[in-house]
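Peer 1: need a structure here:
(5 chains, ligands or ions: 4)
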Amino acid sequence: AQEILLGNLFAGAGPFATLAKTNEIAVQMAVEEVNAAGGVGGKRLKIVSFDTAGKPEQAVVGVRKLAEDDKVMAIIGPFSSGECRVAFPAGERSGVVMMSMASSAPKLAEPFTYGLRNTSDEGYMFRNVMKTLQEKKYPIATGATAYATDDVISKTMGEIVLPNIMKAAGTEMKVSVTFQTQAFDLAAQVSELKAMPTDLIGIGSGPDAAVRLAQELRRQGHKGRLVAGSTIADSELATRMGASGDGTVIPTTFFGGANDKAKKFEAEFVKRAKAAGLERTGASQFDAAAYDIVLFYAHAMKEGKVTGDPAKLADERTKVRDILRSMPPFPALEGPISFGKNGDALKPVYIIEMQGGKWNLIGTHASGS
Amino acid sequence: MSGYLEGVLVLLAINVVYAYAAFLPIAAGQLNLGVAGFAAVGGYASAYLSTTLALSPLIAIPLGGVAAGLVGLGVAVPVLRTRGIYLALATFALGEIVRASILNLEVVGGAAGYPVTAFIRLPTIAMFALGVTVLVWLLFATRFGIAITAVHDDERVADLMGLDVRAFQVAAFTLGSVIAGIGGGLYAHHFSYIEAQYFSISLSISIVLYVLFGGTQSVIGPLLGAAVFTLLPELLRGSAQWRYVLFAAILIVVMVIRPQGLITGAQIRRLLGLRSSASQKERAA
Amino acid sequence: MSATDPILTLDNVSKHFGGLAVVENLSFAVRRGACTGLIGPNGAGKTTVFNLITGVYPIDTGRIVLDGVDIAKIPSRRRIHHGVARNFQNIRLMPHLSTLENVLVGQHCRNGGLFGVLQPVSLVPGNRWREEARAALEEAGLAAYERATVGSLPYGLQKRIELVRALMAKPRLLLLDEPAAGLNPAETDALRERITAICRDRGITLLVVEHDMHFVGALCADVIVLNFGRKIAEGTPEHVREDALVREAYLGADAMEPRYAS
Amino acid sequence: MRLEVNDLHVRYGRVHAVRGVSLTVEEGEVVAVLGANGAGKSSLLKALMGLEPAAEGRVILDDADITRWPTSRRVRQHLALVPEGRRIVTSLTVHENLLMGAFARKDVRSVDAEIADIYSRFPNLAARRDAFASVLSGGEQQMLAIGRGLLSAPKLMMLDEPSLGLSPRLTNEVFALIGELNRSRGLAILLVEQNTHKALELAHRAYVLELGRKVMEGLPSKLRDDPSLRDAYLGRAEPRKHVAG
Amino acid sequence: MLGSIYAMIGVALTLSIGVLKFLNFSIPGVFMIGGMSTWLFIRHGMPWPLAGLCALAVGASASLVVERFTWRWMRNAQEFVPLVSSMAFLILFENLAVAYWGSDLQSLPQLFGNADWRIGGLVISIPQLLGLALSIVLIWGLSLLLSRTRIGRGLRTIAEDSDTAILLGVDISRIVPIVFVIGGLFAALAGVLFALNYRQVHPFMGEALGLKGISAMVVGGMGNIWGAIAGGLIIGMAEALSIRYLGADFVDISVYGLLLFILMVRPTGLFGGASAGARA
Ligand SMILES: Nc1ncnc2c1ncn2[C@@H]1O[C@H](COP(=O)(O)OP(=O)(O)OP(=O)(O)O)[C@@H](O)[C@H]1O
Ligand SMILES: Nc1ncnc2c1ncn2[C@@H]1O[C@H](COP(=O)(O)OP(=O)(O)OP(=O)(O)O)[C@@H](O)[C@H]1O
Ligand SMILES: [Mg+2]
Ligand SMILES: [Mg+2]
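Peer 2: Ligands and ions are numbered 1, 2, ... in the order given. Next comes the predicted model:
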């Protein structure tokens, strides 16, 4: 074969559609770069896409199609934790490496050998947020949490990760309120928070609920600083929160302004997004992660001298897996990255603060710090 | 067989089981929007049994169905006090309560979901689907099927003809729950992982749509409906982001042409090669 | 009326809807094996009497005794097991069932146990119950419509199907509410002959409501006349026809108009 | 108002219910349509009212071809049908049902008086004025259907078995009423009736349908004397059992 | 406030099911269209009142399209069947929105400076209050229309038996679209109010609210407009109270538990009078 195939499981319809679309742009950029640099062992990379519509069942069908029918070397995605949960067992059975760019549910990849995630542990990320706040001497004496309970990541964030790490940093936890991911009216929760104003409000939720919460907090006149894990990191968050987001501090694994490489990537990305009809101010951490996944695969395939010969497919897939899992920190777009025992990436963390509808970098922490 | 095809067939088989779960109550005039709730009970119960007691899925899945059936039986009497859209809403509420309860049930993982170790493949799933289909077909070849329709059409008269209306309603509801539970068990054991969010109202609604789209008057309807709803989006893959737009448009157009669903009772009679009353009358004329 | 051996006795039965007394202190007996007519003006309560006997509504006071059993205390569903079957004034067939299936529903009270319910009636060739139903349709001249969906059949045919369905219960007492409505005189005559023959052959006692006085006169030995929920007259058709009250309330001026002779 | 029907066909899928029927109802005329069960009488009336599409043929009202008109337009042109099976609106009260009869009318002023007139003719209805129509007895529903039909101020009224379920006395009254309206207002009537004797007594002309086809037409006296018709529709002639006097 | 949005969606639904016996699942889609169009028009520089009005027009037109392809064809179909088409319209609307504007949550700018009204600790936003008042007035007018007028009687006849309605001269091909337009206006208005108050919209915003709207309608007793309002407020309150006292974990259990309980105690909803009982 003159080409080596990579599968791409993306959610072309449903609630992740837009995120998936920008991911595709990032993946395409990476593939072009690799091919421009001579491909893998002289062979070009080619992407075979499968739309899961964000549905777990279809993710499984996708894995089987890509692995068994298209005989891809490895799979980029799936996107969400829900899809990963059912796709990883299927990938394990088919013996094909898969790597998610967004799933961050705790310990999800741990039971699998072929399932990897280019995302970082939320605890590790948030610890660095508190570290930066301390370094910058921001007020952190009192804290509260507000989190969604019907989504496992948000719930773990709100019940365990945020309060424990805040307490460890010396913050006194005062209040905790809960809501549902879909809840639109957070007035009741906010008035409860407002009854006992705190310096920090830790948010455990996705970006949408965070936007709602920020707006309601400001509407009711709460001045506390919002802090969160990477669950609310979204490249457009600053635009969406507007003035109500001022002071919000979050960790992210990708920050466009961090270095030249990132700047160049982001500029190109924004250009391509625009060409595809998407107004973006920057790339999200998922886009960067998707981009890096292609680079990891290319690296591992080169390293393993993968030929793409159908007869050796199973062996070569396993080789790719083994190389990835034992890879020394690889100089990726997001920084030097390697994989831990639990299948999740160890990567640098950038701490950013929102000010006037823009993110500013206020701290950088090296991988595994 | 291609992995893709097998994957799609698995979905089809599971959807067929779900469709029959909704069909039984619909045939008796009950729009059950809680099918997903019963599927959840069956799915979680069978997964729990096969994981903790190391039962074979072949035993655990029917047991899951029984568990769902017991829940169905327990709630049938109060829930069936309501009628029509009220019944639909009551079952919807029931399904959501089941889902929300599982979300808080830490034995089975709560919001984190529940991993299932045992794994079943297409042949097993297809066997279950076939079993359920044959069962429902047989059931509708008996007086039971007629009685269910009679109860649906006119409760009062059915009662006066000596039919135990309540018993038939409860039976249809409960049997539907059992089948839903089996569907949930199949899902759990093929996808190796279940979470409460999957068993949401959207699942219930799509299942009900299979039946309404396929036609509620015959046993083939649910089969057809499930097939269209599973296969059509696959066939439309080529249309990229317009896939579901096209899918919905096709549904709308089909319903305009065939408001009674794809297949109706009268058609079945015609398809089976039986002379229609019309041609007979013409002959008699 | 010599009700020496009544199969059915209503004893002081009353029924009110809200403030409206629809049946009041009604007592009458139906002779076994005979055919009794129940007539009266529109809104007199005839259909309501049927509804009370079959249990569509509970009675307010009184007793309804069928062969020595007070069926007023029995749930409506069980009454058909005691041998009362009926048709409905506004036809009530099951619109989604075929003619044959509608008739099969009529058999339910004879074959309704778990075993009966699970018997495959439509798969096995020559199933006893199905054959019986087909034979009944055949006999009623409806065999051609066996598989038709009943909703689209003309009114007159639906009426006849309902009669077959009621007969499938093998009742001892058959209640017919306006069986001849919608039939022309020739059809009415045919129907009357059929009913007479069936009741004679099967020993069925008949209670019929009908506005066609020729039909009632030819079919019934006894007639009970209701007005405003009360009995205003009873006796033979000839006797009742003479009654001034009946003529005033029910028959109207030209009650005696004869049929056209050729 | 004059109605002319040319070669009308009605089909329900593969059932060919009316097969090329032609008939006329002249201004101020009472015309009866007779036929056995399933002959296609109701289908004919439904097609004339636009409730079923005419598969072939033309319907002409005065000089207008109304074959494709929607029903509402026919109602506004003073065509009315008292349908088979009454079709009472059970979730409305008796009074509201009557008001519905006048739905398409522009001259609302006289409606109240006309309703009062209906009530005086059918005291049963007056007594149940505010009851839901669902509780009415069969005959009362029939009265309501007739009353409702009259309230649309028809110039041509089609009645599908108006005497169905009415007591002998009321049947007479209804027929008398129809005759009276015909004479006093010149209301044209197209009457489908199983009570053949009564219908022929009232009608100026009659048609006979059989299996969707017109098989006979003419004056009532002529039809009455036709032996085949007598056997099929009038019953054996000998007056039985009833006592004269 | 959310209660009044539920109520308006509930009214739109109840209008459709009560008057036309049509469980119209596209209503949540029209709600979304109302919200998304408001955002779109404002983004293109329209002042908010104009944007709101345009959004209403878009919503009403969408509802008309739904009528053209659903009710018109299946008015005599078996119960529940139209659910398929109306659900298909919901899928269609959502996926069209995703295809054109992406699946993101979109934010609207702050439109009313500081329009909040503070009483003690309570913050009530004036636009929310106005929205509530507006919806009550509109709903009141609608209920008068239905119970008093000729059109109302005509609609009730259509509800029971559209063939009879036709027979009596009701021009259903003109009246029914009006009902759809009114329903569409209510749903779209709810969407506009939602967009202006919560300042965020996205293609799937209809689903969750639509379900609450259906609950509101049914709790209130279907076909009863005031019931829909009461139902909306009850659901909204139950939600708020259980969040306050039980936490979000139990919101669904308590709200839906309440719903189930109400239905078991009163199988036709709180204000759903037993409909005219059929007789044998
Ligand atoms: N469920 C009910 N609620 C209130 N009134 C009722 C009910 N059922 C019957 N009625 C009233 O009782 C009276 C008698 O009704 P019924 O149907 O028994 O009359 P009927 O003698 O059969 O008349 P017809 O010959 O017209 O069929 C009618 O005036 C009717 O309106
Ligand atoms: N909706 C329908 N679908 C299919 N066939 C129908 C439908 N309505 C009527 N038919 C058929 O059309 C034929 C004529 O029926 P129609 O009701 O016009 O007869 P009719 O003369 O009015 O009879 P009756 O005296 O019993 O009322 C019958 O064969 C009937 O089965
Ligand atoms: Mg009666
Ligand atoms: Mg007829």
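Peer 1: my guess is residue E:243 meets residue A:187, correct?
Peer 2: No - assessed by C-beta atoms under 8 Å, residue E:243 is found out of contact with residue A:187, at 10.2 Å. (Glycine included, C-beta is placed from N, CA and C.)
Peer 1: the two: which is more packed in?
Peer 2: A count of neighbours by other C-beta atoms under 10 Å in any protein chain shown puts residue E:243 above the other of residue E:243 and residue A:187, at 25 against 19.
Peer 1: tell me the contacts of that one?
Peer 2: By C-beta atoms under 8 Å, 6 or more residues apart in numbering or on different chains, the contact set of residue E:243 is A:178, A:179, A:183, A:188, A:189, E:251.
Peer 1: what's the helix or strand for it?
Peer 2: Assigned by DSSP states H and E, residue E:243 belongs to helix E:225-246.
Peer 1: about what we covered before: most neighbours among the contacts of residue E:243, which one is it?
Peer 2: Using other C-beta under 10 Å as the neighbour test, the contacts of residue E:243 are led by residue A:179, with 27 neighbours.
Peer 1: and the pLDDT at that one?
Peer 2: pLDDT for residue A:179: 88.
Peer 1: hang on, the earlier thing: what is the nearest of the contacts of residue E:243 to ligand 1?
Peer 2: For ligand 1, the nearest member of the contacts of residue E:243 is residue E:251. The distance, counting by C-beta to the nearest ligand atom, is 43.4 Å.
Peer 1: ok now the helix holding residue E:243, how far from the chain's centre?
Peer 2: With C-alpha atoms, centre = their mean, to the nearest Å as the basis, helix E:225-246 stands 15 Å off its chain's centre.
Peer 1: next secondary structure after it?
Peer 2: That would be, after helix E:225-246 and using DSSP H and E, helix E:251-265.
Peer 1: check whether that next one contacts chain B.
Peer 2: Yes - judged by C-beta under 8 Å from any C-beta of the partner chain, helix E:251-265 and chain B are in contact via E:251, E:252, E:253, E:256, E:257, E:259, E:260, E:263, E:264.
Peer 1: how about the fifth one, nearest residue that isn't a chain neighbour?
Peer 2: With C-beta to C-beta, 6 or more residues apart in numbering or on different chains as the measure, residue B:97 is the residue that lies nearest to residue E:257, at 5.9 Å, once sequence neighbours are left out.
Peer 1: phi and psi next, for the one you found.
Peer 2: The phi and psi torsions at residue B:97 (degrees, to the nearest 10) take the values phi -70, psi -40.
Peer 1: was I right to think it contacts residue B:37?
Peer 2: Yes - when contacts are counted by C-beta under 8 Å, residue B:97 is listed as touching residue B:37 (7.3 Å).
Peer 1: looking at those two, which is more packed in?
Peer 2: Per other C-beta under 10 Å, whichever of residue B:97 and residue B:37 has more neighbours is residue B:37, with 34 against 21.
Peer 1: what packs against the helix or strand harbouring that one?
Peer 2: Using DSSP H and E, residue B:37 maps to helix B:35-52. With contacts taken as 3 or more C-beta pairs under 8 Å, 6 or more residues apart in numbering or on different chains; DSSP states H and E, helix B:35-52 sits against helix B:3-27, helix B:57-79, helix B:84-103, strand B:114-115, helix B:165-191, strand B:193-194, helix B:201-214.
Peer 1: residue E:6 against residue E:216, yeah?
Peer 2: Yes - between residue E:6 and residue E:216 there is a contact under C-beta under 8 Å: 4.5 Å.
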